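Novice: sequence? don't have it. structure:
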């Protein structure tokens, strides 16, 4: 089945990097995504600036030219669109993969190009590079499903002069609180620990500390959300229960990889780390021909794999397939 393509599930930067690596090895590929190309970046806050420099985000020898020292979200989206066009990658956007079937010759990838329509694509190998933005860590408290509650943050303008509560203790939560405060929201940040255990980006920490000091961002540390109502968030903390006004609630509590398609094929996920079983030298799982790539391989440690180190997974996979 050497004439069949390699199917890549996920059109994020690491999935695209895998497609480019295969292209360089003269192995055809098809990239599937249930949404748009690099949809994870599209879901970033509107005015986000990347932590990494442009050259550390480049793939396929396509130069990443930016106006400033670090790329913006908009520049990132434009860059990865350019990569797809430059390499003429076969990307099937908005085509959800619903099942991967193991066959005697490789795999059958089952997808839905449109509602009610099913397509089966034979594949010599499959690379799962889905990330895990679809599986946020849920608080599992009453009211979490209310329409003013979100596990994503896009921009602060919508909360101008309104009460906004941010739950979390990582960079995403701190940056969200800052952007809300800049837009004139009345911001409260809630964290279940007594201190920030994540390393906060050094260029945002001074402003965050200054806004906490002047009261434009209120802090509730060592506190957990017990329930959410249309106008209130209820907390339990060291000082006892407290209720705070909340017209917008952002639960930025991170993500946990879901076994999903890999689990259905029998790939084991470590209970402690959340990392799918695979060989780091080839990225191959115990199922021959089934590979993993990108942030999915970092398990519960969401900041363990970024674009800059996940983009190399494709080269390892391409080399392993070439040897066959």
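Specialist: Structure received. It should be emphasised that the depicted structure is a prediction, and the values quoted were computed from it without experimental measurement.
Novice: all helices in this protein, in order from the N-terminus.
Specialist: Remark: helices assigned in the chain by DSSP state H are 13-24, 39-42, 73-87, 171-182, 205-214, 260-264, 307-310, 313-322.
Novice: Output the contacting helices and strands for the longest one.
Specialist: In terms of contacts (3 or more CB pairs under 8 Å, 6 or more residues apart in numbering; DSSP states H and E), helix 73-87 is packed against helix 13-24, helix 39-42. Where C-beta positions appear, they are placed from N, C-alpha and C, glycine not excepted.
Novice: Could you do the fifth one as well?
Specialist: Secondary-structure packing of helix 205-214 (3+ CB pairs under 8 Å, 6+ apart): helix 171-182, strand 217-220.
Novice: buried residues in the longest one?
Specialist: Spelled out, that is helix 171-182. 171, 172, 173, 174, 175, 176, 177, 178, 179, 180, 181 (16 or more other CB atoms under 10 Å).
Novice: Tabulate those residues (JSON lines), appending distance to residue 121.
Specialist: Below are these laid out as JSON lines (distance: CB to CB, whole Å):
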{"residue": "171", "distance to residue 121": "38"}
{"residue": "172", "distance to residue 121": "35"}
{"residue": "173", "distance to residue 121": "40"}
{"residue": "174", "distance to residue 121": "42"}
{"residue": "175", "distance to residue 121": "39"}
{"residue": "176", "distance to residue 121": "39"}
{"residue": "177", "distance to residue 121": "44"}
{"residue": "178", "distance to residue 121": "44"}
{"residue": "179", "distance to residue 121": "41"}
{"residue": "180", "distance to residue 121": "44"}
{"residue": "181", "distance to residue 121": "48"}
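Novice: Now flag whichever of the residues you listed is closest to residue 129.
Specialist: Nearest to residue 129 out of those is residue 172 (CB to CB; 21.3 Å).
Novice: list the contacts for the residue nearest to that closest one when sequence neighbours are not counted?
Specialist: Excluding the flanking residues, the one nearest residue 172 by CB to CB, 6 or more residues apart in numbering is residue 252, at 4.6 Å. Each residue near residue 252 by CB atoms under 8 Å, 6 or more residues apart in numbering is listed here: 151, 153, 166, 167, 168, 170, 172, 173, 176.
Novice: measure residue 252 to residue 273 for me?
Specialist: Here residue 252 is placed at a distance of 22 Å from residue 273 (CB to CB, to the nearest Å).
Novice: Could you verify my assumption that residue 142 touches residue 227?
Specialist: Yes - using CB atoms under 8 Å, residue 142 makes contact with residue 227 at a distance of 4.4 Å.
Novice: average model confidence for stretch 158-170?
Specialist: Averaging pLDDT along stretch 158-170 yields 97.
Novice: Please apply the same query to stretch 93-100.
Specialist: Stretch 93-100 comes out at a mean pLDDT of 97.
Novice: Over to stretch 260-280?
Specialist: Here the average pLDDT along stretch 260-280 is 92.
Novice: in it, what counts as buried?
Specialist: Buried-residue list, stretch 260-280, by 16+ other CB under 10 Å: 260, 261, 262, 265, 267, 269, 274, 275, 276, 278.
Novice: mind putting those residues in CSV, distance to residue 40 included?
Specialist: Putting the buried residues of stretch 260-280 into CSV (distance: CB to CB, whole Å) gives the following:
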residue, distance to residue 40
260, 16
261, 17
262, 18
265, 23
267, 21
269, 20
274, 18
275, 19
276, 18
278, 21
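Novice: Contact partners for the closest residue in space to residue 59 that isn't next to it in sequence?
Specialist: Using CB to CB, 6+ apart and skipping residues adjacent in sequence, the residue nearest residue 59 is residue 17, 4.2 Å away. The contact partners of residue 17, by CB under 8 Å, 6+ apart, come to 59, 60, 293, 310, 311, 312, 313, 314, 315.
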